[in-house]
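Visitor: With the input below, show me the fold.
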Amino acid sequence: MAPVYLDFNATTPLLPEVVEAMTPFLTTHFGNPSSSHVYGRTAKDAVEGARAQVAALLHAPPECLVFTSGGTEATALALRGTARAQPQRRHFVTSSIEHPATARVAEALTAEGGRLSLVPVDARGVLNLDALKVALKPYTLWLSLIHAHNETGVLQPVAEAAKYAHQVDALVHADASQSAGKVPVAVDALGVDCLTLAAHKLYGPKGVGALYVRPGVQVVPLQVGGGQEHGRRSGTENVASIVGFGAACAAAARDLESASARVAALRDGLWEKLRAGVPGLLLAGEGAPRLPNTLYVLFPRASGNAVLAAAPEVAASTGSACHDGRDAAPHVLTEMALSPETAVGAVRLTLGRTTTSSEVETAAAALIAAWKRVTGA
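Guide: Predicted coordinates:
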């Protein structure tokens with residue numbers, strides 16, 4: 001029997017309707033969107049239709065969306081592209097708990113002569129807004145924040161932070177790869193100038209993402225060539241995946257409220273079962289606004305890796321997928337002032353559209369039994 005999949009923050013399966021939408025563009029409609037004949041026009045129309053679907057999820061104009069190869073490229077385009085457009089402003093601000101897609105770009109820009117300020121988070125994993133106000137300077141180019149943390153699921157106060165950043169004329173970028181499709185994400189409500197999406201986090205295909213760029217924001221392309229995507233990202237479009245991305249966003253917009261409520265109820269039920277069976281179990285980010293699907297638990301007197309190894313019935317992770325395989329305290333938890341001994345017990349359990357109540361029962365029983373075997377409790 002296949003293990004219960006509780007790693008939806010790492011990636012999601014394709015929805016059947018996404019597969020259905022993509023299939024004709026993997027077979028019959030194979031044209032290049034840049035071609036002027038009927039095959040090309042069919043592909044071009046499909047790309048633009050998908051652009052409108054993705055933009056609708058963000059309540060954004062379609063012309064503001066740039067398709068990329070994924071969330072990592074979208075974030076790099078936002079951060080490096082704006083830095084190239086305004087080379088005289090070399091100060092950047094981000095949080096101390098960013099995803100590597102943001103953190104590594106910020107570090108690279110620092111190595112190239114820029115200055116970087118890292119803003120800490122509190123014990124819940126929420127950005128310290130008072131520290132942010134101190135970090136922002138009149139010469140700051142951009143503030144980049146993860147909207148929902150990929151490990152803790154904690155939602156960051158992007159809208160409030162954006163107000164402070166705009167007071168010093170800094171641009172604001174948010175990585176909404178984890179939040180889009182799980183909670184409402186509207187670019188105007190968040191006050192962002194750029195925003196990253198990744199299709200495979202919301203039941204679309206891997207290898208495609210998008211960057212929202214507010215009108216008037218200058219972004220120098222990182223990839224030049226044929227001038228696709230209005231000159232912002234050259235290269236023949238990945239038509240089938242873009243179509244799948246659009247279909248996934250349409251499904252997310254349609255089902256956002258009902259799907260989130262259902263998953264949140266299952267998540268809370270899983271937490272209650274685990275807490276009852278594991279004395280001393282902690283929940284990272286407790287008390288903070290969090291994604292409805294994310295449960296980041298800390299098993300006492302055991303490493304998360306050991307617990308998962310003893311529970312083959314469950315497919316989960318000890319942090320983000322980028323950090324798997326290391327029996328060490330996750331960075332986000334040490335930034336939240338948790339001791340390494342406590343943090344090493346972390347296991348990230350993330351639920352999704354296909355999660356069932358019976359799977360929650362199976363997973364809870366397996367994890368409790370595994371912890372008892374590991375600790376001898």
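Visitor: quick one, what contacts the closest residue to residue 198 other than its chain neighbours?
Guide: Among residues not flanking residue 198 along the chain, residue 71 sits closest, at 3.3 Å (Cβ to Cβ, 6 or more residues apart in numbering). Using the backbone N, CA and C atoms, a C-beta is placed for each residue, glycine as well. If you count contacts by Cβ atoms under 8 Å, 6 or more residues apart in numbering, residue 71 has them with 101, 175, 177, 196-198, 201, 209.
Visitor: Okay, residue 71 and residue 344: tell me how far apart.
Guide: 28 Å (Cβ to Cβ, to the nearest Å).
Visitor: where does the chain dip in pLDDT?
Guide: Low-confidence segments of the chain, defined by pLDDT under 70, span residues 319-326.
Visitor: what about the strands in it?
Guide: 4-5, 65-68, 91-95, 115-119, 140-146, 171-175, 194-198, 209-213, 282-283, 294-298, 314-315, 346-350 (DSSP state E).
Visitor: Dump these to a markdown table, plus mean neighbour count and distance to residue 17.
Guide: Below are these laid out as a markdown table (neighbours: other Cβ atoms under 10 Å; distance: least, Cβ to Cβ, whole Å):
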| stretch | mean neighbour count | distance to residue 17 |
| --- | --- | --- |
| strand 4-5 | 22 | 20 |
| strand 65-68 | 26 | 20 |
| strand 91-95 | 25 | 35 |
| strand 115-119 | 17 | 40 |
| strand 140-146 | 25 | 28 |
| strand 171-175 | 28 | 26 |
| strand 194-198 | 30 | 18 |
| strand 209-213 | 28 | 19 |
| strand 282-283 | 16 | 34 |
| strand 294-298 | 24 | 24 |
| strand 314-315 | 19 | 24 |
| strand 346-350 | 27 | 22 |
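Visitor: Output those strands as TSV; include the columns distance to residue 15.
Guide: Below are these laid out as TSV (distance: least, Cβ to Cβ, whole Å):
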stretch	distance to residue 15
strand 4-5	15
strand 65-68	19
strand 91-95	32
strand 115-119	36
strand 140-146	25
strand 171-175	23
strand 194-198	15
strand 209-213	17
strand 282-283	29
strand 294-298	20
strand 314-315	19
strand 346-350	17
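Visitor: Pairing partners for the closest residue to residue 289 other than its chain neighbours in the sheet, please.
Guide: Nearest residue to residue 289, sequence neighbours excluded (Cβ to Cβ, 6+ apart): residue 155, at 4.4 Å. Taking DSSP bridges, one finds residue 148 as the beta-bridge partners of residue 155.
Visitor: gap between residue 155 and residue 120?
Guide: From residue 155 to residue 120 the distance is 17 Å (Cβ to Cβ).
Visitor: Show me which of these two is the more surrounded one.
Guide: residue 155 (21 against 15; other Cβ atoms under 10 Å).
Visitor: now the helices for the stretch 251-377 of the chain?
Guide: With helices called from DSSP state H, counting those that start in this stretch, the stretch 251-377 of the chain shows them at 304-309, 331-335, 340-343, 357-375.
Visitor: Give me the distance from the third one to the chain's centre.
Guide: Between the centre of helix 340-343 and the centre of its chain there are 25 Å (Cα atoms, centre = their mean, to the nearest Å).
Visitor: Serialize the helices of the stretch 251-377 of the chain to TSV and add fields for mean neighbour count and distance to residue 40.
Guide: Shown next, in TSV, are the helices of the stretch 251-377 of the chain (neighbours: other Cβ under 10 Å; distance: least, Cβ to Cβ, whole Å):
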stretch	mean neighbour count	distance to residue 40
helix 304-309	21	48
helix 331-335	21	46
helix 340-343	16	53
helix 357-375	18	45
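Visitor: Residue 282: which of the ones you listed is closest?
Guide: With Cβ to Cβ as the measure, helix 340-343 is the member of the helices of the stretch 251-377 of the chain nearest residue 282 (7.0 Å).
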